[in-house]
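Colleague: Just a sequence and a predicted model for now, questions to come.
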Amino acid sequence: MSVINIKNLKKIYNDTGVPVNAVNGIDLTINEGEFTAIVGPSGSGKTTFLNMLGGLDKPTVGEIHINGTQVEKLSASKLINFRLNNIGFVFQAYNLIPVLTAKENVEFIMHLQGKPKKEREARTKELLTAVGLEDRMDSRPGKLSGGQQQRVAVARALASRPRFILADEPTANLDSKSTENLLDMMEKMNKEENITFVFSTHDARVVKKARRVITIEDGKIVSDERKN
Amino acid sequence: MFEYLKIAWRNLWRSKRRTLITVASIFLGVILCTLMASMQEGVYAKMIDNAVRFYSGYIQLQDTAYWDHKSINNTMAWSDPLYNKVKETHGVKSVTPRLESFSLMSNGDKTKGGAFIGIDPEKENAISNLSHWVKKGEYLNSNDDGILLAVNLAKYLGVGLGDTVVMISQGYHGASAAGLFPVRGILEFPSPTMNSFGAYAEISHAQQFFTANNRITSLVIMVDEYDQVNHIQRNIKSQIGDAYTVMNWEELQPELVQMIESDRGGGVIMKAILYLLIGFGILSTIIMMLSERRREMGVMIAVGMQKAKLSLILFYETILIGILGVIAGFAISIPLIYILIQNPIPLSDKIAEAYIEFGLEPIIYFDASLPVFTDQVLIVFIITLIISIYPVLNVARLKLSKALRS
């Protein structure tokens, strides 16, 4: 069953007066439970593609269907709600809210969803335990290592029970051990809870773990490889 | 809401020094403005109190022609029923009759013009506590044929207790008024203007002098509650009809009201400049805060926070800065003002002379009426409210993909 369905996606920037085709006609289907890496050289259009996929940017042309909703047609306010309830984000620089503790960062998403306090607390504990941070729940991001922050970010991304997680170079700022731990943890969640993961990455370790690797060059998919 | 308030509060302390500097600027502004307002209102209250007690009363009842043409011919007949009706009006504390006109006062080769006021010594004392200001001699008794003379006038005329002052004026309906009045007492008021004001005589002798038997220029009325003046004025008017003019102290002393208003206007300009500077201080803090947190705001929207909720957090931050500044300011200014109310500041030397020259008491009084404090709260709240528009607009215009790249 497909979670993401993309048709003829294009993004043309015209900031300097010269049109630049950052994404130039992508058609793609991603099924539920896939563990997909999107790779490509810098400037290939990966981030632009991922931004559109996450509803953070609007395409110039084309359609993006996520769980049956045509995302680019949603109003700004509905799009925010859609992201809240359907997509989990993991950013390269972790991007946790610095004034909130690990526990509060995870709970914050459920607070936005209007979940009751008891449910929020139980889910937060469950997620932070799953990412191995049950003893660091009350630490603020500044007191956590990069790897720990990224694990909190993963827990936050999972908090709203999204259908898929979008991760933009999640291991770029991590050392080998933290990268390994993070990938194992995400792979486990993918397998156990059937959560769909889409990464953009340069990291060979991520590519090695991915079961599907899509390569983008000059705004187009040049290869789409599935591993057994 | 509490969650957002918590985030806003913690955000404030991310840059402690910056927040403290901003709060300190509001703190200083609040202290200065509160003290300034307290001092202004204290001085005004004293001026009004002096003017009302010694001169106009809170309300006056006069003949309909008297206000436009203050002549002895436009006096009204004393009437016991009228007096009783006014006296029994709810909220009226005391009532006294006065017969007042201009007179030349002379001793030897010295002559000076001044007010010659006929009073009921007992009733007048209940209103103006006139006997308290008799510095030499005695207060008038009920059938006294002498006068009380203001100190500067006595000095000018070179008269002392027991000396006789010659009074010359125009009497009722063209009669000549001339008389000799022994000085019973010398009055020394706190207000320098009052010290050159004139002379007081017992009312029946004043009526005799002006050939205005049983006539008065006004009934002077004091009230229990200052803020009930207009209400009592309306009540008296409705009881006595159009036969008399009933005026309140603001109508009776438009110059005083105007002076206070223009002085208050000057204070408003000073406060406006001060608060404008404070406002720019807060705005610069907010601008810095926004530029530092652009990416963070982008992330919050990306993960599902509505822009309105993000704006609410930034609004809380702005308001919290204002609240902290006001609380800190009041923590110092309230006790300080209460100390100053108990201990008004006497002026000395040249400043005191300048005050006396302007007819003001050379003492700075302070006031702790509610608007002295509520005005500052209101102003800081309005400033922060206006400033909070900026982050709201900023968030509304935030481009998500750009903010995440910043």
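Modeller: Arrived safely, thanks for sending.

Colleague: Going by C-alpha atoms from here, please, whenever you check contacts or count neighbours.
Modeller: Fine.

Colleague: The closest residue to B:Ser406 other than its chain neighbours: what's it in contact with?
Modeller: Spatial nearest neighbour of B:Ser406, chain neighbours left out: B:Arg295 (5.7 Å); criterion: Cα to Cα, 6 or more residues apart in numbering or on different chains. Contacts for B:Arg295 (Cα atoms under 8 Å, 6 or more residues apart in numbering or on different chains) come out as B:403-406.

Colleague: you'd agree B:Arg295 is in a helix?
Modeller: Yes. Counting by DSSP: H, G, I helix; E, B strand; the rest coil, B:Arg295 falls inside a helix.

Colleague: May I have the predicted confidence score for it?
Modeller: On the pLDDT scale, B:Arg295 is placed at 90.

Colleague: Could you dump the contacts of B:Arg295 into a markdown table with secondary structure and neighbour count added?
Modeller: A markdown table is the format used below for the contacts of B:Arg295 (DSSP: H, G, I helix; E, B strand; the rest coil; neighbours: other Cα atoms under 10 Å in any protein chain shown):
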| residue | secondary structure | neighbour count |
| --- | --- | --- |
| B:Ala403 | helix | 17 |
| B:Leu404 | helix | 20 |
| B:Arg405 | helix | 9 |
| B:Ser406 | coil | 13 |
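
Colleague: List just the nearest of those residues to A:Glu192.
Modeller: Nearest to A:Glu192 among the contacts of B:Arg295: B:Leu404, at 31.1 Å, using Cα to Cα.

Colleague: quick one, what contacts that closest one?
Modeller: Counted by Cα under 8 Å, 6+ apart, B:Leu404 has contacts B:294-296, B:298-299.

Colleague: Please list only the buried members of these.
Modeller: B:294-296, B:298-299 (16 or more other Cα atoms under 10 Å in any protein chain shown).

Colleague: So B:Ala45 belongs to a helix, correct?
Modeller: Yes. Assessed by three-state DSSP, B:Ala45 belongs to a helix.

Colleague: quick one: what helix or strand has the residue in the stretch 201-350 of chain B positioned nearest to chain A in it?
Modeller: Using Cα to the nearest Cα, B:Gly304 is the residue of the stretch 201-350 of chain B that sits closest to chain A, at 4.1 Å. Using DSSP states H and E, B:Gly304 falls within no helix or strand.

Colleague: With pLDDT added, can I get the contacts of B:Arg295 in JSON lines?
Modeller: Converted to JSON lines, the contacts of B:Arg295 look like this (pLDDT from 0 to 100):
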{"residue": "B:Ala403", "pLDDT": "86"}
{"residue": "B:Leu404", "pLDDT": "82"}
{"residue": "B:Arg405", "pLDDT": "77"}
{"residue": "B:Ser406", "pLDDT": "72"}
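
Colleague: List the contacts of residue 204.
Modeller: Went with chain A since none was named. So A:Ala204 contacts nothing (Cα under 8 Å, 6+ apart).

Colleague: wrong chain, I was asking about chain B
Modeller: Taking Cα under 8 Å, 6+ apart, we find B:Ser204 in contact with B:118, B:143, B:213-214.

Colleague: How about exporting the helix or strand that contains it as CSV, limited to the C-alpha atoms?
Modeller: Remark: B:Ser204 resides in helix B:203-209, with elements defined by DSSP H and E. Extracted in CSV, the C-alpha atoms of helix B:203-209 (Å, rounded to 0.1, in the frame of the first residue of the first chain):
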residue,chain,number,x,y,z
ILE,B,203,-20.6,89.7,57.4
SER,B,204,-23.1,92.1,59.0
HIS,B,205,-20.4,94.7,59.2
ALA,B,206,-19.4,94.1,55.6
GLN,B,207,-23.1,94.4,54.6
GLN,B,208,-23.3,97.7,56.5
PHE,B,209,-20.1,98.9,54.8
